[in-house]
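Visitor: Here's my sequence, what's the structure:
(one chain, ligands or ions: 2)
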Amino acid sequence: MLTDQIKEAGVVGAGGAGFPTHVKLNTEAEYFIINAAECEPLIETDKFFCRMFTDELIEAAAAVGGHLKAKKIIIALKRKYEKEVAALEEAIQRKQTLIELFLMDSFYPAGDEQVLVQQITGRSVPERGIPIAVGAVVDNVGTVLNIYNAMKNIPLTEKYLSVTGAVERPVMFRVPLGTPILDCIMAANPKTETFDVILGGPMMGKLVCAQEDIKEKTVTKTTSNLLVLPKGHYLSERAARPMQYNLHMAQSACLQCRFCTQQCPRYKIGHNIEPHRIMRAIFLEQRIDSKEEYERMYGSAANCSECGICEMYACPMGLSPRKVNVYLKQQLREKQIDVPKNQNPEAREVNLSGKASTGRLIARLGLTDYSFQHADDTCITLNPDKVTLLTSQHIGKPAVPVRKAGDIVTRGELVAAAAENALSANIHASMDGIIEYADEQKIIICSSEQREV
Ligand code: SF4
Ligand code: SF4
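Guide: Ligands and ions are numbered 1, 2, ... in the order given. Down below sits the predicted model:
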């Protein structure tokens with residue numbers, strides 16, 4: 001059965017938080033949507049997959065669509081990806097499948113799962129819900145290619161990712177899981193001796209600044225891009241602003257222009273969220289002691305997806321509604337306030353593309369110098385001497401190590417098994433070698449040659 005093969009191979013969502021795919025696909029759905037819209041600026045991996053693995057993508061998409069009994073199988077990507085659109089159209093025709101393409105404008109967040117579902121189906125996903133609630137399953141294009149491998153009984157042991165930003169050679173890499181991110185960055189020739197790194201895209205990725213932290217980070221099943229930034233870059237400066245500063249600025253400088261709300265994708269699809277109202281009311285926050293009142297005033301923050309369009313694009317004052325929402329979500333959790341969910345939201349706008357064109361967004365983020373198109377299909381393969389496999393590269397419980405220090409393993413062997421009766425995923429050795437270290441958090445494999453040295 002397909003989901004057994006996917007579980008065995010350890011496939012998890014490649015484009016987001018790493019939801020175990022065998023669990024997501026344990027259903028039927030009207031729509032199977034393959035997300036190749038490359039939500040964040042500068043990332044190149046979805047396009048690379050569509051160009052380089054077109055046939056594999058079509059084959060796996062058809063198989064998953066059949067498994068889900070989907071009436072529609074749709075690959076969503078941006079209209080401007082002309083080469084990729086042409087490759088997919090040709091393959092669909094040649095293979096005579098009923099897969100359709102859904103072509104989107106170039107805006108942020110075009111690849112947001114809920115925006116995608118709304119644009120394709122006309123249905124809004126419930127607040128804090130998932131697409132299956134409206135009959136859709138969405139998988140990232142990278143996940144679908146990992147499913148293709150799972151169908152051939154090939155476990156997930158490697159990752160394709162782009163390295164972009166302040167490097168001499170922005171390029172795609174193919175690396176074993178657990179490869180140090182620093183190996184990838186150095187192979188792309190950083191332009192400065194010291195740098196910050198965003199794991200993921202500039203809008204929602206995780207910023208890592210300390211050099212010792214950068215040295216420790218490794219490629220996981222969800223790493224799709226490394227954005228290298230020179231020290232002192234605008235994005236680092238924004239991320240470093242203390243929460244107290246953001247709260248203070250919200251109280252003192254908000255114009256109540258509503259641009260944040262007008263641009264908010266969750267507001268557009270009908271969810272209860274109006275960031276300008278939160279910004280207006282934040283000055284009262286410390287004075288409210290009733291849970292009901294707190295929920296009434298700030299409960300809508302729970303619906304924030306943290307996409308960042310309000311603070312990085314919409315706000316003319318450079319304020320941070322997203323970070324204020326992050327703070328309030330934490331407060332809601334600590335106060336154990338359970339905010340009700342609207343299960344039947346209706347979109348407020350039909351056209352979700354708005355004003356946040358990717359090009360303008362890149363300029364606002366101070367990334368114009370790094371905006372490039374890959375000139376060719378070059379992909380560099382790295383073979384590190386050592387990999388560090390985290391047992392938690394997915395949502396849910398960590399995998400449980402089944403091999404111990406001193407064991408010799410070959411690439412593809414199971415080294416940590418999905419936790420039983422829980423949301424979890426298998427982890428396989430990503431290189432041949434000897435297990436140097438294993439505990440509940442990580443398994444380190446080094447090559448036999450390195451061990452002998
Ligand atoms: S980050 Fe801002 S724009 Fe995005 S969902 Fe939250 S409030 Fe809306
Ligand atoms: S866009 Fe900025 S200034 Fe305008 S309402 Fe939102 S937070 Fe206030």
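Visitor: for the stretch 351-453 of the chain, what spans make up the helices?
Guide: Remark: helices assigned in the stretch 351-453 of the chain by DSSP state H, counting those that start in this stretch are 358-364, 448-452.
Visitor: Which strand or helix spans the residue nearest to Phe283 when sequence neighbours are not counted?
Guide: Leaving aside its chain neighbours, Phe283 sits nearest to Gln251 (4.4 Å; criterion: C-beta to C-beta, 6 or more residues apart in numbering). Any C-beta I mention is one placed from the backbone N, CA and C, and that applies to glycine too. Assigned by DSSP states H and E, Gln251 belongs to helix 243-253.
Visitor: Could you pull out the helices in the stretch 1-150 of the chain for me?
Guide: Using DSSP H, counting those that start in this stretch, helices in the stretch 1-150 of the chain cover 2-9, 21-24, 45-52, 54-68, 82-95, 113-121, 141-151.
Visitor: Of those helices, give the one that comes closest to Val208.
Guide: The minimum distance between Val208 and those falls on helix 45-52, with 19.1 Å, by C-beta to C-beta.
Visitor: So Leu101 sits against Arg79, correct?
Guide: No. Taking contacts as C-beta atoms under 8 Å, Leu101 lies outside contact range of Arg79: 9.6 Å.
Visitor: what about the strands in the stretch 101-250 of the chain?
Guide: Counting by DSSP state E, counting those that start in this stretch, the stretch 101-250 of the chain has strands at residues 136-140, 158-165, 171-176, 195-199, 206-208, 225-230.
Visitor: what's the answer for the stretch 351-453 of the chain, then?
Guide: Counting by DSSP E, counting those that start in this stretch, the strands of the stretch 351-453 of the chain are 379-381, 386-390, 400-401, 408-409, 414-417, 427-428, 433-438, 442-446.
Visitor: which stretch among the ones you listed comes nearest ligand 1?
Guide: Nearest to ligand 1 among those is strand 386-390; the distance by C-beta to the nearest ligand atom comes to 27.5 Å.
Visitor: ok now that closest one, how far from the chain's centre?
Guide: Chain-centre distance of strand 386-390: 21 Å, with C-alpha atoms, centre = their mean, to the nearest Å.
Visitor: so what strands line up beside it?
Guide: strand 442-446 (antiparallel) (DSSP bridges).
Visitor: ok and the strand it pairs with relative to strand 171-176, angle-wise?
Guide: 100 degrees (axes from the mean of the first three to the mean of the last three C-alpha atoms, to 10 degrees).
Visitor: What's the mean pLDDT across strand 442-446?
Guide: Averaging pLDDT along strand 442-446 gives 98.
Visitor: That strand to strand 433-438, inter-axis angle?
Guide: Using the same axes, to 10 degrees: strand 442-446 against strand 433-438 is 150 degrees.
Visitor: separation between the closest residue to Leu25 other than its chain neighbours and Lys231?
Guide: What sits nearest to Leu25 in space, not counting adjacent residues and going by C-beta to C-beta, 6+ apart, is Thr3, at 5.4 Å. As for Thr3, its distance to Lys231 is 46 Å (criterion: C-beta to C-beta, to the nearest Å).
Visitor: do the same with Ile120
Guide: 41 Å.
Visitor: How about Gly433?
Guide: Per C-beta to C-beta, Gly433 is found 35 Å from Lys231.
Visitor: who's more crowded, those two?
Guide: Using other C-beta atoms under 10 Å as the criterion, Gly433 and Lys231 rank with Gly433 on top: 23 against 12.
Visitor: So that one is in contact with Val415, correct?
Guide: No. Using C-beta under 8 Å, Gly433 is not in contact with Val415, being 10.8 Å away.
Visitor: and for these two, which residues touch both?
Guide: By C-beta atoms under 8 Å, 6 or more residues apart in numbering, Gly433 and Val415 have these common neighbours: Val409, Ile445.
Visitor: More neighbours: which of Leu101 and Arg79?
Guide: Taking neighbours as other C-beta under 10 Å, Leu101 and Arg79 compare with Leu101 leading, 16 against 13.
Visitor: gap between the more buried one and Gln336?
Guide: 45 Å.
Visitor: go on, Ile132?
Guide: Taken as C-beta to C-beta, the span from Ile132 to Gln336 is 28 Å.
Visitor: Compare the two and say which is more crowded by neighbours.
Guide: The residue with more neighbours, out of Ile132 and Gln336, is Ile132; 18 against 7, by other C-beta under 10 Å.
Visitor: contacting residues for the more buried one?
Guide: Thr27, Ala29.
Visitor: So the nearest residue to Cys310 once chain neighbours are set aside, which state does it fall into?
Guide: Of all residues not flanking Cys310 in the chain, Cys260 sits nearest, at 3.7 Å (C-beta to C-beta, 6+ apart). Of the three states, Cys260 takes helix under DSSP: H, G, I helix; E, B strand; the rest coil.
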